[in-house]
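Chemist: got a sequence here, can you build the structure:
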Amino acid sequence: MDSQPANQSSQNAPQPMPLPGPAMLPRDPNAGFQVQVADTTLSEATIVLRKRRWVLIFGVLLGGIFGMYRAWTQPQLYTATGEIQVRPGASAQYRVDNASFGVMDPIMRLQTEVAILQSDSLAQSVAQKLNLQNDPAFLNAKGPVKHRNLEDNNGAVREGIVHALHGNLKITLVPHTDLIKISYSSLNGKLSADIVNTVINDYIQRSFQTRFASTQRVSEWLSSQLDDLKHQVETSQEQLMELQQPLGLIALDPNHNQISSDLEDLSKATDEARIQRIIAEARYRILSSSDSSGIEGLEAANNGTNPSLLSSLRQQLSVMQIQLAQQSVELGPNHPQVKQLRAQIAAINAQMDKEKSRLLVQSKTQLNAAAADEQMTQAALDAEKADAYKLRDNLIQYQIRQREFDSNRSLYEGLLQRLRAAGVQAGLESSEIDIVDVAMIPATASITPRGNIIMFCMLFGLLGSIILAFLMESLDTGLRSIAEIESITELPSLAIIPRARKVGAENTEKLTIAQRNISVLVQPKSHFAESFRSLRTSLLLSTTGKPPKIILITSATPAEGKTTTATNIAAVLAQRDTRVLLIDADLRRPTVHHRFGLIGKAGLTTVLNGTMTLENAVQNIPEIPNLDILPSGPVPPFPTEMVGSEVMAQLLQRCAGIYSHVVIDSPPILSVTDGVILARQADAVVLVVRHGKSSKHVVRRARDLLARAGAPITGIVLNAVDLSAPEYYGYYGYSGFTYYGVDSTGWEAPPPQGAADAGKEKD
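Modeler: Numbers count the residues shown, from 1 in each chain. The predicted structure is shown next:
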């Protein structure tokens, strides 16, 4: 039922107790429960494939049918094959650029040739020569065709013919060889052979023409470059010749010239003149500062062993002075001879002074001559150096011109050699391609084995169906496996409830309404009943200290099996030595009283409004003596306000004091808020999820609503599970607990109280 009417009616009614905020939430009893999501394994993939096995079967059958159709309708094609050999050839050593052509990787070279064979230009040339656009055999036409040109329809005809030609033409490399295999398949054997041979011939011709044209282009470019270089060489040589005359060069050797020789001679003369001037200056200074004895010694040193005039006078003076001394003693100072000696000595001294003056003048004259000579030679040297500096600048220009001339001449000679090699190469390129096998007209048609086609199509169908199966699995939002539900809700699973087995039509007449609707009563040893016993055990052990008193059974959306779960778990709980009360709290669509065949005029609503007591409203069934049932009663106008009232809370507390367990069947929590309100007053809340129906978003939303309301969520129950599904294969198939065949008869009425208690203890 839609929750909108209830919400609208609740605006005028007393508001229920507000839900607690995040700070008021109690501690989650399942806070320690953690789900480890395992990675996808091969076993999980196998489960998916088993679950989608009909998709696989359909895919394989569809692939087999399509394969049979292709196998029996495939055309009979005639395949012609030719082989050619592509090798470097004799022209490799004459190539213009050996670095880029001669050392090319053989595999790369062959792949390049294969790409050329598959080019559109070559295919267009073949189509033009064979007139394929007008060939009925090529176009698969039964009669004559309309004449067309390749360029009709803005080239659309050319594109179609080239595309069709490429579709049936195969170019393959023979491993570990230089051979290329060319094959073509068509409905006409002669056409196939003609196309292959034309492709080979056009490829050889194209290879020769393109390479020859490339070499010719290189030759033309080299020729133009050679003309420029030749002119540059001639210009450089003329400039060198012009520079030789001012440099004084006779030949092309710049190290031998007249200026260099003159500079060397002047440098030596200047050094000699400087030495002579220094010697003359030293002699003059010595003569000007020395006495007669010093001058005499200097003259003796300068003249070698030959005595000079001054030395002779000095000797005469010495002799006369000795004679004067002797005669003065012997004859007296006034003796004429003594006076004569004195006069001679004075004459000799005068003569010596005159000689000394002459020597000084002579030394002065020599000094002046040496200084003048030095100045003249130095001036000549400076002038020659200036000419040498000019020569150096001219030599630098000369060397620059010389290097330019040498460079241009070397480049000219190298390009001239390359040009001659390119001319030889142009005549040898055509010998690189040899025809090994010419395509012959095939004698018989070749078809693909039909079994291979069928197997391939079936395999393709299987692969496609596997992909489709996993795609459907990824798009399927329904929850089917326990691991997936635990991962989504982060809650533990309490039990897995299989689909209930319906009792045969011949046995329904003997059963009561409760036995027909409550499967655990008629099939106590079935998988269905065993799963509810497992749920009972999980609930009793879910809380520490004591089992839960008030147990709320709810679901996210309608039709997920919450009422079935509530009625059956109540019946199973009542099989023990305990008193159990089942309350139908779904005040909008009550169904519990229909399941047990009871009257629903009195129930929960009559107790809450005070028109009837709890003892009078509770009903019982003979099949389960320990189970009391409180139907919903008449449908009230404001169900939410009624279940959220204080009277409802007091009623639940009173029932918890009377009964061992109180099981509440509540409405879906995403449709109305009744279940959320009741969940706050329960000791354990069980969320029922229907196998394959509930989506991930819906279940997660329901879990969040209960968690925000502070409800003690015990866990989830996966209902209506198909045990034959791959993910549950063998779940209840263990030995010793298989009860098929045992429940062929109905569940008999319980024995007396003592025997019933003994049987309950066994459960």
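Chemist: might you report the residue contacts of residue 564?
Modeler: For residue 564, the contact set (CB atoms under 8 Å, 6 or more residues apart in numbering) comprises 500, 719. The C-beta positions use only the backbone N, C-alpha and C, and glycine is treated the same way.
Chemist: again with the one 10 residues further on
Modeler: With contacts taken as CB under 8 Å, 6+ apart, residue 574 has the following neighbours: 580, 624, 625, 626, 627.
Chemist: what do you get if the cut-off is 6 Å, keeping everything else the same?
Modeler: Residues touching residue 574, when contacts are defined by CB atoms under 6 Å, 6 or more residues apart in numbering, comprise 580, 624, 626, 627.
Chemist: would you list those residues in JSON lines and tack on pLDDT?
Modeler: Below are these laid out as JSON lines (pLDDT from 0 to 100):
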{"residue": "580", "pLDDT": "93"}
{"residue": "624", "pLDDT": "87"}
{"residue": "626", "pLDDT": "90"}
{"residue": "627", "pLDDT": "92"}
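Chemist: which of the residues you listed has the most neighbours?
Modeler: Counting neighbours by other CB atoms under 10 Å, the top entry in the contacts of residue 574 is residue 627, with 27 neighbours.
Chemist: ok, residue 410 - how many residues close by?
Modeler: Around residue 410 there are 12 other residues, counting by other CB under 10 Å.
Chemist: what does residue 326 give?
Modeler: By the criterion of other CB under 10 Å, residue 326 has 12 neighbours.
Chemist: let me know the helix or strand that it is in.
Modeler: helix 309-330 (DSSP states H and E).
Chemist: what packs against that helix?
Modeler: helix 292-303, helix 336-426 (3 or more CB pairs under 6 Å, 6 or more residues apart in numbering; DSSP states H and E).
Chemist: returning to what we had before: would you check which pair of the contacts of residue 574 lies furthest apart?
Modeler: Pairwise distances across the contacts of residue 574 (CB to CB) peak at 8.3 Å, for the pair 580 and 624.
Chemist: related to what we said a few turns ago, make CSV out of the contacts of residue 574 and add distance to residue 44 and secondary structure.
Modeler: CSV is the format used below for those (distance: CB to CB, whole Å; DSSP: H, G, I helix; E, B strand; the rest coil):
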residue, distance to residue 44, secondary structure
580, 40, strand
624, 41, strand
626, 43, strand
627, 41, strand
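Chemist: closest one to residue 56 out of those residues, please.
Modeler: Taking CB to CB as the measure, residue 56 sits nearest to residue 624 out of these, at 46.7 Å.
Chemist: any idea how far residue 637 is from the closest one?
Modeler: With distances taken as CB to CB, to the nearest Å, residue 624 is found 33 Å from residue 637.
Chemist: ditto for residue 660
Modeler: Computed with CB to CB, the distance linking residue 660 and residue 637 is 34 Å.
Chemist: check which helix or strand covers residue 663.
Modeler: In the assignment (DSSP H and E), residue 663 maps to strand 661-665.
Chemist: what strands flank that strand, and is each parallel or antiparallel?
Modeler: strand 550-555 (parallel), strand 580-584 (parallel) (DSSP bridges).
Chemist: quick one on the thing from earlier: residue 660 and residue 637: who's more crowded?
Modeler: Neighbours per residue (other CB under 10 Å) separate residue 660 from residue 637, with residue 660 holding more: 16 against 11.
Chemist: leaving out the residues flanking it, which one is nearest to the more buried one?
Modeler: Nearest residue to residue 660 in three dimensions, chain neighbours excluded: residue 578, at 3.6 Å (CB to CB, 6 or more residues apart in numbering).
Chemist: the strands in the stretch 401-550 of the chain, which residues?
Modeler: Using DSSP state E, counting those that start in this stretch, the strands found in the stretch 401-550 of the chain span residues 433-437, 493-498, 550-555.
Chemist: could you dump those into TSV and include mean pLDDT and mean neighbour count?
Modeler: Rendered in TSV, the data for the strands of the stretch 401-550 of the chain read as follows (pLDDT from 0 to 100; neighbours: other CB atoms under 10 Å):
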stretch	mean pLDDT	mean neighbour count
strand 433-437	84	15
strand 493-498	86	22
strand 550-555	92	28
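Chemist: mind giving me a markdown table with these and columns for distance to residue 644?
Modeler: As requested, these are arranged in a markdown table below (distance: least, CB to CB, whole Å):
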| stretch | distance to residue 644 |
| --- | --- |
| strand 433-437 | 95 |
| strand 493-498 | 26 |
| strand 550-555 | 14 |
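Chemist: rewinding a little: hey, least reliable of the helices and strands packed on helix 309-330 by pLDDT?
Modeler: Mean pLDDT is lowest for helix 292-303 among the helices and strands packed on helix 309-330, at a mean of 53.
Chemist: can you tell me how far residue 452 is from residue 607?
Modeler: 78 Å.
Chemist: now do residue 182
Modeler: Counting by CB to CB, the gap from residue 182 to residue 607 is 96 Å.
Chemist: and residue 655, by the same measure?
Modeler: Here the criterion is CB to CB. By it, residue 655 lies 10 Å from residue 607.
Chemist: the more surrounded of these two?
Modeler: Regarding residue 655 and residue 607, a neighbour count based on other CB under 10 Å identifies residue 607 as having more, with 23 against 20.
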